[in-house]
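In: quick one: sequence plus predicted model below, questions after.
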Amino acid sequence: MSIQVVLIPDHTSRGFLQPMAALLNSQQDDFEIQVCTKIPMVSTLHQADMDIDIVEGMDDVARCKVALGLRDKDLLVRFIGAVLSSRAHGLTNLFVAGSKLSEQPPRVTIISTRFIKNELLPADPAYNRQRHALCHLVVCSMLGAFLDMIAHSDRGCLLDFNSSTPNIGRKIDIGYSFCDDCLQHIERHPLGNSISIICGALKASGEGSMLPGVGSKSDVAIPAHPAWLMDLESSSLTIVSLRRAMRATLRGDADLDAFCQNYFSSAYDRFSSGMERTRKLNIFFEQIVDLALIKKRLIEHYLEAG
């Protein structure tokens, strides 16, 4: 079973994070990334909070993790608009604080989006810098939680500590790059290949799109985020929402047949010549009950079709 990485966005990060799950889940199989837009009721952190200590914040995220039924080995990442501080170490305006499996609470991360509100990054009408900054922080959270990697002195690496604004800008310009020591650690780790694929997918996402065909699945860039996928990402995954998505992307009977033959042969084998499309879809959903898998294969099919 894949390790779950659940992202709870705040108002600032929601638009950037919503498409991320579909992009990254279609590229690798070790991690199942989800975006949870409903904050568990056990949380005492609020959007209006101005300053949060990392101990208080991570304890709150840990309570949310339990409420969501996640396992210790899963990762929960909470985004907040407040200033993130460590009173014990006399630090403030932190970007991220997280824990690994052996620490308490295990595998929780809190990320502050205050740097976007404070306009620390150069103006970017397309919001690419802001998006990549948030994606960098998600990758850093995963590196810390799953590969036990920590920030270090600045050396042109994604894990640079970055204590000054110019350094942050340079990191975004460099992209998802690692120093030799970090790269060797990633390459040796069992989850390293999936991390590398995730970095490649985010790096190749380019301007204006979070759904490129990159990495091991496809080399075709999608110019716009399709409406059917936005619908899947913004609502609960149901047969009804998947039917809408399949109607939008598998427009003809030949498209539906090819999709089922390639990915779900057990359903395709029950189709017959002249069978109506509605009957085919009914058979399909009778045979295939894993809705998350259907969604994943539908995205793969869309990417490969270009």
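Out: Cool, the structure landed. Residues are numbered from 1 along each chain as shown.
In: CA only for contacts and neighbour counts going forward, please
Out: Fine.
In: whichever strand or helix holds Met58 - contacts with which helices or strands?
Out: Met58 belongs to helix 54-67 when elements are defined using DSSP states H and E. Judged by 3 or more Cα pairs under 8 Å, 6 or more residues apart in numbering; DSSP states H and E, the packing partners of helix 54-67 are strand 75-80, strand 83-86, strand 96-98, strand 108-112.
In: who are the contact partners of Pro190?
Out: The contact partners of Pro190, taken as Cα atoms under 8 Å, 6 or more residues apart in numbering, number zero.
In: the top helix by length along the chain: how far from the chain's middle?
Out: If you go by DSSP state H, the chain has its longest helix at helix 128-147. The chain centroid and the centroid of helix 128-147 are separated by 9 Å under Cα atoms, centre = their mean, to the nearest Å.
In: confidence score at Ala227?
Out: pLDDT recorded at Ala227 is 61.
In: now do Ser234
Out: On the pLDDT scale, Ser234 is placed at 57.
In: list the buried residues for the helix holding Met58?
Out: Of the residues in helix 54-67, those buried by neighbour count under the rule 16 or more other Cα atoms under 10 Å are 54, 57-65.
In: for those residues, give me JSON lines that also has pLDDT and distance to Leu158.
Out: JSON lines is the format used below for the buried residues of helix 54-67 (pLDDT from 0 to 100; distance: Cα to Cα, whole Å):
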{"residue": "Ile54", "pLDDT": "93", "distance to Leu158": "21"}
{"residue": "Gly57", "pLDDT": "93", "distance to Leu158": "24"}
{"residue": "Met58", "pLDDT": "95", "distance to Leu158": "23"}
{"residue": "Asp59", "pLDDT": "96", "distance to Leu158": "26"}
{"residue": "Asp60", "pLDDT": "95", "distance to Leu158": "27"}
{"residue": "Val61", "pLDDT": "96", "distance to Leu158": "24"}
{"residue": "Ala62", "pLDDT": "97", "distance to Leu158": "26"}
{"residue": "Arg63", "pLDDT": "96", "distance to Leu158": "29"}
{"residue": "Cys64", "pLDDT": "96", "distance to Leu158": "28"}
{"residue": "Lys65", "pLDDT": "96", "distance to Leu158": "26"}
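In: quick check, nearest of these to Asp173?
Out: Using Cα to Cα, Ile54 is the member of the buried residues of helix 54-67 that sits closest to Asp173, with 28.2 Å.
In: list the contacts of that closest one.
Out: In this structure, Ile54 makes contact with 84-86, 97, 110, judged by Cα under 8 Å, 6+ apart.
In: buried ones from those, can you make that a PyMOL selection?
Out: When burial is assessed using 16+ other Cα under 10 Å, the buried subset of the contacts of Ile54 is captured in PyMOL by this command:
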select buried, resi 84+85+86+97+110
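In: how about the helices in the protein?
Out: For the chain, the helices defined by DSSP H occupy 14-17, 20-25, 54-67, 114-117, 128-147, 165-174, 180-188, 192-204, 227-234, 239-249, 253-263, 265-268, 277-287, 291-305.
In: CSV for the ones you listed, including distance to Leu7?
Out: As requested, the helices of the chain are arranged in CSV below (distance: least, Cα to Cα, whole Å):
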stretch, distance to Leu7
helix 14-17, 8
helix 20-25, 9
helix 54-67, 11
helix 114-117, 17
helix 128-147, 9
helix 165-174, 21
helix 180-188, 22
helix 192-204, 15
helix 227-234, 13
helix 239-249, 22
helix 253-263, 28
helix 265-268, 33
helix 277-287, 29
helix 291-305, 17
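In: quick check, Ser194 in contact with Asp29.
Out: Yes: here Ser194 reaches Asp29: they are 7.5 Å apart, a contact under Cα atoms under 8 Å.
In: with neighbour numbers in mind, choose between these two.
Out: Applying other Cα atoms under 10 Å to Ser194 and Asp29 shows that Ser194 carries more neighbours, namely 18 against 12.
In: how about Phe284, nearest residue that isn't a chain neighbour?
Out: Excluding the flanking residues, the one nearest Phe284 by Cα to Cα, 6 or more residues apart in numbering is Ala267, at 5.2 Å.
In: same check on Ser85?
Out: Nearest in space to Ser85, with sequence neighbours left out and distances taken as Cα to Cα, 6+ apart, is Thr92 at 4.1 Å.
In: from Phe115, how far off is the one you found?
Out: Taking Cα to Cα, to the nearest Å as the measure, Thr92 falls 12 Å from Phe115.
In: tell me which residues of stretch 38-57 come out buried.
Out: Counting neighbours by 16+ other Cα under 10 Å, one finds that the buried residues in stretch 38-57 are 39-40, 52-54, 57.
In: now the terminal residues of that stretch, how far apart.
Out: With Cα to Cα as the measure, stretch 38-57 spans 17 Å from end to end.
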